[in-house]
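> A predicted structure for the sequence below; I have some questions about it.
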Amino acid sequence: MKASDICAVVFVALSSVASPGWAQVPGPNNAITDVPGIKVGHFTGNPLTGTTVVIAEKGGQGVAGGVSQRGGAPGTRETDLLRPENLVQIVNAITLSGGSAYGLAAASGVMQCLEGQGVGFPVGGGNVVPIVPTAILFDPGRCGAPFNYRPNFSFGLAACSAARSGPVQEGNVGAGAGAVSGGVKGGLGTASVVLDKGVIVGAIVAVNSVGATFDANGNLYAAPLELAGEFGSLIPIEGGPPPHMSKPAAVPGGLLRNTTIAVVATNVELTKTQATKIAQMADDGLARAIKPTHTPYDGDTVFAVGTGRISMATLGDPAFAEYVIGSAAADVLSRAVVHAILSAESTPCEKSYCDLFPNACRNRKKGAQK
């Protein structure tokens with residue numbers, strides 16, 4: 001067989017894998033809450049900082065979860081518990097918060113909220129310990145705010161109490177409230193995709209990155225992943241950035257002041273091992289949407305959960321189904337990053353992407369937002 005024939009065979013084989021016939025359309029809310037069993041709640045403080053809680057359940061019980069942690073400056077809680085070899089097999093909620101390491105305190109408020117509902121890992125005598133892995137980003141002291149104003153127990157309690165299914169608010173809210181990304185205002189974004197066989201994958205992300213989400217001309221890296229016109233017909237930009245724009249890769253005001261944190265979810269039943277692999281694959285969605293990512297200054301962390309409405313066994317080969325879900329999760333997470341940047345609003349200290357590049361967002365202002 002000629003070398004060219006071998007290449008052709010390989011190309012056909014790869015094409016069949018990359019395009020397995022699973023259609024892709026956004027869910028009804030284009031949000032992580034399109035995944036049955038997922039609820040989201042925010043609490044936003046003033047000055048801007050906040051906490052976002054993702055509650056995951058199946059029949060009132062927790063679900064399997066995994067994590068990928070590739071940033072160089074993480075702030076996390078309960079991530080070791082998610083390692084497949086460890087005892088507890090479920091999580092009840094995941095907390096994303098501002099406040100740097102101080103913001104980890106918000107998870108205790110989430111635990112009290114869930115404990116009051118009897119939700120958690122049973123430890124005897126009718127008592128439970130809610131399992132709430134948590135990741136934080138750095139936003140204290142931004143825009144002249146007091147450094148000691150940051151999310152605490154009360155933020156987590158309020159965000160958990162506010163958790164709902166349905167549409168999810170984006171932009172300057174919850175964990176994305178004080179976020180900054182590559183020289184523009186960062187924020188919180190979400191997206192989803194519905195595949196064949198009833199599989200749903202969703203993502204939510206708080207974008208607070210050192211790296212930028214757009215190139216030197218201002219074009220968003222992940223914009224080509226758009227589904228069903230969700231980004232509002234962004235207009236390509238030529239001619240370079242405005243002269244007053246700060247350098248996307250700059251690290252203003254010192255080190256370790258960033259981090260992008262996210263959750264991806266599917267309605268497929270997963271083991272901890274499968275959830276871990278899907279989190280690892282989804283993490284590549286950050287690298288597609290933000291450049292650079294996983295830097296020494298970022299604590300980038302991605303969680304994955306499966307809410308168990310569909311048995312993996314009904315999808316055929318489990319490894320192939322895992323591949324399809326993980327691939328979709330990476331794209332959904334990239335799209336959620338774009339929504340975070342497009343939904344962010346300017347503050348006195350940071351311009352939003354759409355205010356910096358108004359022509360790019362012109363059509364978006366005609367009702368394209370979710």
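It's in.
> relative to Val180, how far out is the closest residue in space to Phe147 that isn't next to it in sequence?
Nearest non-adjacent residue to Phe147, counting by C-beta to C-beta, 6 or more residues apart in numbering: Gly141, 4.1 Å away. In this view, the C-beta of every residue, glycine as well, is placed from N, C-alpha and C. Gly141 is 12 Å from Val180, where distance means C-beta to C-beta, to the nearest Å.
> surely the residue nearest to Phe147 and Gly178 touch.
No. With contact taken as C-beta atoms under 8 Å, Gly141 and Gly178 are classed as non-touching, separated by 9.3 Å.
> more crowded one of the two?
Each of Gly141 and Gly178 has its neighbours counted (other C-beta atoms under 10 Å); Gly178 has more, 32 against 18.
> give me phi/psi at that one?
When read as degrees, to the nearest 10, the backbone of Gly178 gives phi -100, psi 10.
> that one is in contact with Gly50, isn't it?
Yes. The pair Gly178 / Gly50 is scored as a contact, 7.3 Å apart, by C-beta under 8 Å.
> between those two, which contacts overlap?
Contact criterion C-beta atoms under 8 Å, 6 or more residues apart in numbering; residues shared by Gly178 and Gly50: Gly98.
> using the three-state scheme, assign Gly41.
Three-state assignment for Gly41 (DSSP: H, G, I helix; E, B strand; the rest coil): strand.
> swap that for Glu322, sorry
helix.
> partners of the residue lying closest to Leu82 once chain neighbours are set aside in the sheet?
Spatial nearest neighbour of Leu82, excluding adjacent residues (C-beta to C-beta, 6+ apart): Val67 at 4.8 Å. Listed beta-bridge partners, Val67: Phe303 (assigned using DSSP bridges).
> what's near enough to touch Lys291?
211-212, 221.
> Phe357: which of those residues is nearest?
Using C-beta to C-beta, Ala212 comes nearest to Phe357 of the contacts of Lys291, at 12.1 Å.
> from Gly171, how far off is the closest one?
Separation of Ala212 from Gly171 (C-beta to C-beta) stands at 18 Å.
> go on, Ala223?
Shown here: Ala223 relative to Gly171, a distance of 18 Å by C-beta to C-beta.
> more neighbours: which of the two?
Between Ala223 and Gly171, Gly171 has the larger neighbour count (other C-beta under 10 Å), namely 22 against 18.
> can you pull the contacts of that one?
Contacts of Gly171 by C-beta under 8 Å, 6+ apart are 187-189, 340, 343-345.
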